[in-house]
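1. Fold the following, please.
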Amino acid sequence: DRRKQGVLEVVEDHRRTAAVLTSLLESANTGTASGHVGIGAGVSLPLAPSDAEGRSIVDLGSGVYGERTWSGALEVTLQRQKDLESIVNDLEARMSELEEDVAQHAIAFNAMAESIESDAKAEPAATETAGPDEPEPEPEEKRAPAPRRRRFGSELTLDD
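-> Model (predicted):
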């Protein structure tokens, strides 16, 4: 479930990015593409008005970055989003299969536990009906442990 949540957060990040890129493309088509890009700590960089499609830096994976047009970046983002949604669907299907397996194993476990309990209840009843004439086995006497031998210095003992 944590894995699924992590993937869903990445999917949401891709949706936001796609929305921003789509908005920038529409603004560029009307000649009003401008705005501010937040870089953190309350600092934003201005995006100059332009009627041309801008360029962006896209993480292509494994620490490799490439420059793409906004439409190219949007294409990459939408493809990644599609791939991530496919992963989410696969995770959900696998989780469903695992839940079914766990439920089946739980039913089998409960059935075995009931069988063992009924067998355990039947055995004492059978031994009680055997009769008091049979002598009960006496518990074996426990041997006291051998005294621990100690060495003094480098003296040899018979055990050496």
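2. so how far is His14 from Ala103?
-> Separation of Ala103 from His14 (C-beta to C-beta, to the nearest Å) stands at 34 Å. (Each C-beta comes from the backbone N, C-alpha and C, glycine too.)
3. The two - which one has more neighbours?
-> His14 (20 against 10; other C-beta atoms under 10 Å).
4. by contact count, what packs against the strand or helix carrying that one?
-> If you go by DSSP states H and E, His14 is part of helix 2-30. On a contact count with 3 or more C-beta pairs under 8 Å, 6 or more residues apart in numbering; DSSP states H and E, helix 2-30 meets strand 33-40, helix 70-128.
5. Please name every helix or strand in contact with the longest one.
-> Using 3+ C-beta pairs under 8 Å, 6+ apart as the contact definition, the elements that helix 70-128 packs against are helix 2-30, strand 55-61.
6. List the buried residues of the shortest one.
-> The neighbour-count check on strand 55-61 (16 or more other C-beta atoms under 10 Å) flags 56, 58 as buried.
7. between it and helix 70-128, how big is the angle?
-> 30 degrees (axes from the mean of the first three to the mean of the last three C-alpha atoms, to 10 degrees).
8. Neighbouring strands - and their directions - for strand 55-61?
-> Using DSSP bridges, strand 55-61 pairs in its sheet with strand 64-69 (antiparallel).
9. Next, the angle helix 2-30 makes with the strand it pairs with.
-> Using the same axes, to 10 degrees: strand 64-69 against helix 2-30 is 30 degrees.
10. and strand 64-69, average pLDDT?
-> Averaging pLDDT along strand 64-69 yields 83.
11. which outside residues touch it?
-> Contact with strand 64-69 is made by 53-60, 76, as judged by C-beta atoms under 8 Å, 6 or more residues apart in numbering.
12. Now with 10 Å, please.
-> Defining contact as C-beta atoms under 10 Å, 6 or more residues apart in numbering, one finds that strand 64-69 is touched by 21, 25, 28, 52-60, 72-77.
13. mind exporting stretch 88-105 as CSV, just the C-alpha atoms?
-> Taking C-alpha atoms only, stretch 88-105 is exported to CSV below (Å, rounded to 0.1, in the frame of the first residue of the first chain):
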residue,chain,number,x,y,z
VAL,A,88,-0.6,1.5,-10.3
ASN,A,89,-3.1,-0.8,-12.0
ASP,A,90,-0.6,-3.7,-11.8
LEU,A,91,0.0,-3.0,-8.1
GLU,A,92,-3.8,-2.9,-7.5
ALA,A,93,-4.3,-6.2,-9.3
ARG,A,94,-1.4,-7.8,-7.4
MET,A,95,-2.8,-6.5,-4.1
SER,A,96,-6.2,-8.0,-5.0
GLU,A,97,-4.6,-11.4,-5.8
LEU,A,98,-2.6,-11.3,-2.5
GLU,A,99,-5.7,-10.5,-0.5
GLU,A,100,-7.5,-13.4,-2.1
ASP,A,101,-4.6,-15.8,-1.4
VAL,A,102,-4.4,-14.6,2.3
ALA,A,103,-8.2,-15.1,2.7
GLN,A,104,-7.9,-18.7,1.3
HIS,A,105,-5.0,-19.5,3.5
